[in-house]
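Quick one, fold the following:
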Amino acid sequence: MLPGRSSDQEPICRDCADITTALTCTQCKRESERFRSGLCIRCTLTDDLTAVLKPNDDFRLRRLISLLTETGRPESIYTYMRRGTKARALLEAIGDRTLPLTHEAFDALPRSTAAEHLRALLVHHRMMPGRGNENLTRFEHWLATRISNLPDDGTSQVIERYAAWHHLKRIRDKATDPAVNLETVTHAAKQDITEAGKLLIWLRDSHGIAAGELRQAHIDEYLSTGPSTRKHIRNFIRWLNRDSTRRGHLDAPFRPAQSTPMITQAERIELVRNCLEHGHVIRSTRVAGVDFAALGTSTEQDRHAPPRTHQHHSRGHASQAWDHAGHHPRSNNRDVLEPA
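This is a model prediction of the structure:
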């Protein structure tokens, strides 16, 4: 440590700077800033991790303590394992021997970033065995759980075949390509499988029929009476069409999200007219009002339009137009945006 400063403002050691404050850890005897009770941060962290993990003769836990305390920023680990955090709860479970260092035990935990980071650390340093692509393994575990929770009236069997032949085979092929973001791929597959299961459950509950009796009228009814997430049945419907025994072709048309304009075109024109005609309002506020009323609420067409060259419009927001003009709106000019 070089806590002192020379006459030339160069860093110097404690002795040369005549600093009498104790800057040595009472445990490891290394010169370091004291963090707690005379101990440096690494010794403090070692004591805390030892108390939580209770390593005893378990070589893996002793190695885990060494890895966490020898990191470049031990303060981050101290914050990471503070009381009340998910990481602290995981470490305490390991210390109490209620969380074995196995993939089966980690799979049984609620999904959390802390658990996955800890698992990755344990696997990377060979304290837990590797099991190939972790995203693929998690998807397979999710799929097994999902199918087991579906009704055993033919629904789970159909979804299991769909997931295996349409998604799982493709995901396994992609898992061999390091350039593929498998987390995105599995997320989309989960949406498809989940919505396909919901469709079959609805079909059974509402019409008392199975997937083999699905008709286009059922699909149209299902899509028109529920949320937009139902559009994710499209891949499932295409997969059903491959069945040579099915009569008629099924289609799940794309359903665009519904949107409602904030104001009508007539109201927008009225606002612009007020901004142009209210001469008692300062010019900068009127310019800002026109900018907001005409361009502030962008449409799909606006987003694809070429950049504007006007100095106000190029900045895009009413507040920026006020800044450019060197003025700010006054409180008594609020009526400028109210229709006459």
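
my read: residue 248 touches residue 214, true?
No: at 9.7 Å, residue 248 and residue 214 do not qualify as touching, with contact defined as C-beta atoms under 8 Å. Backbone N, C-alpha and C define where each C-beta goes, glycine included.

Mind checking which of those two has more residues around it?
More crowded of residue 248 and residue 214, by other C-beta atoms under 10 Å: residue 214, with 20 against 8.

my guess is the more buried one meets residue 250, correct?
Yes: using C-beta under 8 Å, residue 214 is in contact with residue 250, at 6.7 Å.

what residues are shared contacts of the two?
Among the neighbours of residue 214, those also in contact with residue 250 (C-beta atoms under 8 Å, 6 or more residues apart in numbering) are residue 240.

Please tell me how far residue 243 sits from residue 214.
11 Å (C-beta to C-beta, to the nearest Å).

Strands along the protein, start to end?
4-5, 11-12 (DSSP state E).

so what does the top helix by length along the chain touch, helix or strand wise?
The residue-count maximum for a helix in the chain (DSSP state H) belongs to helix 182-207. With contacts taken as 3 or more C-beta pairs under 8 Å, 6 or more residues apart in numbering; DSSP states H and E, helix 182-207 sits against helix 134-148, helix 155-162, helix 169-174, helix 216-224, helix 234-241.

What is the neighbour count of the residue nearest to residue 50 when sequence neighbours are not counted?
Closest residue to residue 50 apart from its sequence neighbours, by C-beta to C-beta, 6 or more residues apart in numbering: residue 65 at 6.3 Å. Residue 65: 18 surrounding residues under other C-beta under 10 Å.

got a list of what residue 43 touches?
25, 27, 28.

List buried members of those by neighbour count.
For the contacts of residue 43, a burial check counting by 16 or more other C-beta atoms under 10 Å picks out residue 25.

which among the contacts of residue 43 gets closest to residue 50?
Proximity of the contacts of residue 43 to residue 50 (C-beta to C-beta) peaks at residue 27, which lies at 12.2 Å.

how close does the closest one get to residue 56?
Counting by C-beta to C-beta - residue 27 and residue 56 are separated by 20 Å.

same thing with residue 172?
In terms of C-beta to C-beta, residue 172 sits 41 Å off from residue 56.

Which residue of the two possesses the greater neighbour count?
residue 172 (14 against 8).

measure the closest residue to the more buried one other than its chain neighbours to residue 294 for me?
Sequence neighbours aside, residue 136 is the residue nearest to residue 172 in space, at 6.5 Å (criterion: C-beta to C-beta, 6+ apart). Distance, residue 136 to residue 294, by C-beta to C-beta: 51 Å.

more crowded one of these two?
Set residue 136 next to residue 294 and count neighbours by other C-beta under 10 Å: residue 136 wins out with 19 against 14.
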